[in-house]
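Peer 1: build me a model:
(4 chains)
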There are 2 protein chains.
Amino acid sequence: MRTISPPVGLPALNETDLVGQVARRLTEAIVQGRLPPGSKVVEAGIARELGVSRAPVREAARLLEQQGLLVANPRRGFFVRQFAADDIDEIYDLRLCVERHAAVLAARNLTPETRDKLRRQIDVLHETADLDDPARQVEEDYRFHRLICEIAGNRRMLRLFDDLASELRMVIGLIGRLYDDPHEIARTHEPVLAAIEAGHPERIVAHVDYHIGHAWREVGRLVREIPPWPAAAK
Amino acid sequence: MRTISPPVGLPALNETDLVGQVARRLTEAIVQGRLPPGSKVVEAGIARELGVSRAPVREAARLLEQQGLLVANPRRGFFVRQFAADDIDEIYDLRLCVERHAAVLAARNLTPETRDKLRRQIDVLHETADLDDPARQVEEDYRFHRLICEIAGNRRMLRLFDDLASELRMVIGLIGRLYDDPHEIARTHEPVLAAIEAGHPERIVAHVDYHIGHAWREVGRLVREIPPWPAAAK
DNA sequence: CAAGATCAAACTGTCGACAATCGACGATTA
DNA sequence: TAATCGTCGATTGTCGACAGTTTGATCTTG
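Peer 2: You can find the predicted model right below:
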């Protein structure tokens, strides 16, 4: 008789994934604009604030470092990354390169189920547009693009996307409002999906180029407008 | 009167970068095939062996984890990543996607100096081919491709390349000898450089596709031939 | 004999401590 | 007055320790 694991394992709460939790909290704080770019991340401070010791904080910081949100100056500590205009260009250049490919792969792997997922996400985008919640809008936007990478089926590509996205979320979070007309965003996703459904590589690339290129120009413009980062508190 | 800093600063010696050193040692051990795929990385063991405490080892391990060389099972420790055939496909798929773009960008930024660097590296490849040192050959091969990414001028792209390369180095290091004819490798780089010098995007992409595609098929074949990793010692 | 229970050793996750170093501020000197 | 030096608090890098888990082996039981 088998007395194995109690019926259905649920959210196997990791209990002790302090590092992960700290990392999430830190990411959150950075993206939300507390911990502004250039500010110092004092290990002891974070540790005390979260009620843990410095060890998990350090490991989490190393994670965020590799992820590009923090930079480490030996003997000096971790600092929140500062973005310049050319960082935006780098990020979008790479993102465009990857998402083109992802979209083409996604088209190749598309099933009725995954297609529906994409469609539903566009619906969500429209619904979110009514909420006047820019952060949420940006989030749902990413979810759409992330779906494409997921469907493409390359885990490393997905991880790369997540890394780029977390950098972008940070920048965009700091800029504040991104688009004037949220519904406009929602609509501009439709031709991308249409192209993927149609499955013409060239058309896919063209539409992805147009869509991402638009965001690139927009974000680039905003970053150049408000260059000296707000309150880069030491 | 200005008595500023003594003119010529020299190589700011890093002294204490234990984490970095440990990370390098670990990477080395993994790539060289000690620490075979699937083997457990016991923190205390590594720490004792390197004469340091567990803290730096853990942080270094987190680094390698984010880099894809290790995987972390909570409460269970770090394990050396195991590669399957589809990992090879993922890596090369992404690498091809990125290097195409990098090569096109490199062509756009090419200066006489950078062009010479590339040419010289091809010369080095030919010289190395005589040495019968497969590891070295692979290394110089990467250096050529890395140069292209460097010239492309996107730091994030370069980091991505390095990450992919370290995974590949591990796989290839485990396979042992890669090509039969080292001079063959050296020669196949020439059309790539020629295309970059010519500056025709399509021709560049075509040659990069051919070159990387060749390696992809080759590595894929070898991995499929020797699938159960050698000595996956617990 | 096989499946489950029991137990000990090994290992991880986390903590608090300590020395070395950094940064700032005030003292010193030309 | 302005630049340099010395000192002091704050912070990082590293370590050893301890509790809770996991692993593997041994023992028990049907």
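
Peer 1: please count neighbours and contacts with C-alpha atoms only from this point.
Peer 2: Noted.

Peer 1: so what's the residue count around A:Glu49?
Peer 2: Here the number of neighbours of A:Glu49 (other C-alpha atoms under 10 Å in any protein chain shown) works out to 10.

Peer 1: scratch that, A:Gly199 is what I was asking about
Peer 2: In terms of burial, A:Gly199 registers 18 neighbours under the definition other C-alpha under 10 Å.

Peer 1: grab the most central residue of chain A for me.
Peer 2: Among the residues of chain A, the one closest to the centroid is A:Ala165, at 2.7 Å (C-alpha atoms, centre = their mean).

Peer 1: how many neighbours does A:Ala198 have?
Peer 2: 12.

Peer 1: apart from its neighbours in sequence, what residue is nearest it?
Peer 2: The shortest distance from A:Ala198 to any non-neighbouring residue, by C-alpha to C-alpha, 6 or more residues apart in numbering or on different chains, is to A:Ala107 (8.0 Å).

Peer 1: please apply the same query to A:Gln137.
Peer 2: Nearest in space to A:Gln137, with sequence neighbours left out and distances taken as C-alpha to C-alpha, 6+ apart, is A:Thr128 at 6.0 Å.

Peer 1: wait, that neighbour sits on A:Val138?
Peer 2: No: counting by C-alpha atoms under 8 Å, A:Thr128 stays clear of A:Val138, with 9.7 Å between them.

Peer 1: give me the number of residues near A:Arg120?
Peer 2: Other residues within reach of A:Arg120 by the criterion other C-alpha under 10 Å amount to 13.

Peer 1: separation between it and chain B?
Peer 2: To chain B, A:Arg120 is 28 Å away according to C-alpha to the nearest C-alpha, to the nearest Å.

Peer 1: so that residue is in which element?
Peer 2: A:Arg120 belongs to helix A:112-129 when assigned by DSSP states H and E.

Peer 1: return the distance of that helix from the chain's centre.
Peer 2: Relative to the centre of its chain, helix A:112-129 is centred 18 Å away, using C-alpha atoms, centre = their mean, to the nearest Å.

Peer 1: show residues contacting the helix or strand encompassing A:Ala206.
Peer 2: Under the criterion of DSSP H and E, A:Ala206 resides in helix A:201-225. Residues lying outside helix A:201-225 but in contact with it, judged by C-alpha atoms under 8 Å, 6 or more residues apart in numbering or on different chains, are A:84-85, A:88-89, A:92, A:96, A:99-101, A:103-104, A:172, A:175, A:178, A:188-189, A:191-192, A:195-196.

Peer 1: same question, stretch A:17-32
Peer 2: Contacts of stretch A:17-32 (C-alpha under 8 Å, 6+ apart): A:35-37, A:50, A:56-57, A:59-61, A:63-64, A:69, A:80, A:166, A:169-171, A:173-174, B:74.

Peer 1: mean confidence for it?
Peer 2: Confidence over stretch A:17-32 (mean pLDDT, whole number) is 92.

Peer 1: how about that stretch: buried residues?
Peer 2: Buried residues in stretch A:17-32, counted by 16 or more other C-alpha atoms under 10 Å in any protein chain shown: A:18-23, A:26-28, A:30-32.

Peer 1: among the contacts of stretch A:17-32, name the buried ones.
Peer 2: Burial by neighbour count, 16+ other C-alpha under 10 Å: within those this picks out A:35-37, A:56-57, A:59-61, A:63-64, A:69, A:80, A:166, A:169-171, A:173-174.

Peer 1: could I have the host helix or strand of A:Ala23 exported to PDB, CA atoms only?
Peer 2: Secondary structure from DSSP H and E places A:Ala23 in helix A:18-31. Below are the C-alpha coordinates for helix A:18-31, written out as PDB (Å, rounded to 0.1, in the frame of the first residue of the first chain):
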ATOM      1  CA  LEU A  18      14.500  33.700   1.400                       C
ATOM      2  CA  VAL A  19      16.800  34.500  -1.400                       C
ATOM      3  CA  GLY A  20      14.000  34.400  -3.900                       C
ATOM      4  CA  GLN A  21      11.700  36.500  -1.700                       C
ATOM      5  CA  VAL A  22      14.300  39.100  -1.100                       C
ATOM      6  CA  ALA A  23      15.100  39.200  -4.800                       C
ATOM      7  CA  ARG A  24      11.400  39.800  -5.600                       C
ATOM      8  CA  ARG A  25      11.100  42.400  -3.000                       C
ATOM      9  CA  LEU A  26      14.200  44.200  -4.200                       C
ATOM     10  CA  THR A  27      13.100  44.000  -7.800                       C
ATOM     11  CA  GLU A  28       9.700  45.400  -6.800                       C
ATOM     12  CA  ALA A  29      11.300  48.300  -4.900                       C
ATOM     13  CA  ILE A  30      13.500  49.100  -7.800                       C
ATOM     14  CA  VAL A  31      10.900  48.900 -10.500                       C
END
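
Peer 1: this completes my enquiry, with thanks.
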